[in-house]
Every structure is written in C-alpha cells, then in structure tokens.
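Asks: from the sequence below, what's the structure:
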Amino acid sequence: MVVDTNEFFTFSEWFGGALKQFVVATIVVILIALFLSYLYSLFRHGPIEAFYVVAGAIFNGVSDLWSTSMRRILAIARLAVQEAIRKRVIVVFAVFVLLLLFGGWFLDVESTHPARLYLSFVLTASSYLVLGLAMFLSAFSLPNDIKARTIYTVVTKPVRAHEIILGRIVGFVFVGTVLLLFMGSVSYFFVVRG
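Replies: Okay, the predicted model is just below:
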C-alpha cells in the first residue's frame, strides 16, 4: 500500500490556515456576542446605560479571570475524568475496535487507492465516535450532577462558575485525547495490516 505524500498538507500549511480561521472565527463570535448583549441591554436600560452595563460586565469578567486558580480547575477536571471512567467511556473504544475488526470485511481491497480507503474509514469512524462521546458526556454531565446533588458540594467550596466550566472542559478534552491516542495506535496497526 503506497501513499502519495503530495496529496496531504504539511503540518505547517495546515496549522497556519487553521489558526487564522480560528482567530477570525473567535473575533467574529466575540463581536456578535458584544452586539447582542448591547442590544439586550439597550431594550432594558436605554442606550447610554446599556454601554455601561456591557462594559461593566466585560470588566468584571476580565478581573474575575485574574483570580482563576489552575489548581481548582485541575481538581474539577480530575473529577470529570473519574466521572467519565465511571460512565464506562471505554465502551466507545471497544465499539471502535469492533468496527475495525469487522470493517475490513466490507472494504474493497481491490480498489485503486486502498490507503485512501483505509485512512478515510479509520478517520471517519474515530471522528464520529469521539464527537458522539464528547457530545453526550458534556451534555449529560452537569444535569446528572444536579440530579444527583453532587454539584452542591462543589459549589459550596470557594470555586467560581467559570472554573467549574473550564475544569469540565479540560477533563473532557483529556478523556477525548486519551481515547484518540488509543484509537490512533489501533488504527495504525489496522492500516498497516490492511
């Protein structure tokens, strides 16, 4: 199986374009959020007072970021990882391995580009599984904590709301990264074997 390297982007080509798109998208989202928050405050407080309300909220948010504790964020991230393990995240990895085991039966090995076929199958399967995992973990995590009343013990500690959110995000990113590393190593052997 021979892969033509001319059809792939180098990391620097890909990263430069992706970083530029990320920065532009972030600026656009921030500007839209500022406009919508000003518009909302405009109807509630009037034009001049709306400016001061939005500016005060931005100032409070930025000053609140200065008091963010990485230790608290990592503690909440550790709790999110433990919760993901309790919810049997390893099942997603098992489903991925099963897809790879039986996926080889249905792939056309007589194709003119078998490398492209195997790579697209592996990348598509891992993308959908990790996206589904991240979506369900993050969507049901906080409501389950509220239902089980475990969030109340976290909120009573000296922790800010944004630290809870950042801790959850860091925890779920860690779980997704570890899962992708396992999927990547298994995928490598699947593609090499194929």
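Asks: OK, contacts around the closest residue to K157 other than its chain neighbours?
Replies: The shortest distance from K157 to any non-neighbouring residue, by Cβ to Cβ, 6 or more residues apart in numbering, is to R72 (8.0 Å). The C-beta positions use only the backbone N, C-alpha and C, and glycine is treated the same way. In this structure, R72 makes contact with K157, V159, E163, G167, judged by Cβ atoms under 8 Å, 6 or more residues apart in numbering.
Asks: the last one contacts A75, correct?
Replies: Yes - counting by Cβ atoms under 8 Å, a contact exists between G167 and A75, whose distance comes to 7.0 Å.
Asks: neighbour count winner among these two?
Replies: In this view G167 and A75 are compared by other Cβ atoms under 10 Å, and G167 has more residues nearby, 22 against 17.
Asks: excluding its backbone neighbours, what's nearest that one?
Replies: I76 is the one closest to G167 (Cβ to Cβ, 6+ apart), at 2.6 Å.
Asks: what's the answer for S69, then?
Replies: Nearest to S69 is E163, by Cβ to Cβ, 6+ apart, at 6.7 Å.
Asks: and the residue nearest the centre of the chain, how far from A84?
Replies: When Cα atoms, centre = their mean is applied to the chain, the residue found nearest the centroid is V173 (5.5 Å). For V173, the distance to A84 equals 11 Å [Cβ to Cβ, to the nearest Å].
Asks: got it, and L42?
Replies: 42 Å.
Asks: ok, now L131?
Replies: For L131 relative to A84 (Cβ to Cβ), the value is 15 Å.
Asks: which of the two has more residues huddled nearby?
Replies: Neighbour comparison, L131 and A84: the larger count goes to A84, with 21 against 11 (by other Cβ under 10 Å).
Asks: if I follow the layout properly, that one ends up in contact with G171?
Replies: Yes - A84 is in contact with G171 according to Cβ under 8 Å; the separation is 7.2 Å.
Asks: in what helix or strand does the residue nearest to the centre of the chain lie?
Replies: Assigned by DSSP states H and E, V173 falls within helix 161-193.
Asks: just checking, what packs against that helix?
Replies: Judged by 3 or more Cβ pairs under 8 Å, 6 or more residues apart in numbering; DSSP states H and E, the packing partners of helix 161-193 are helix 70-86, helix 90-106, helix 114-148.
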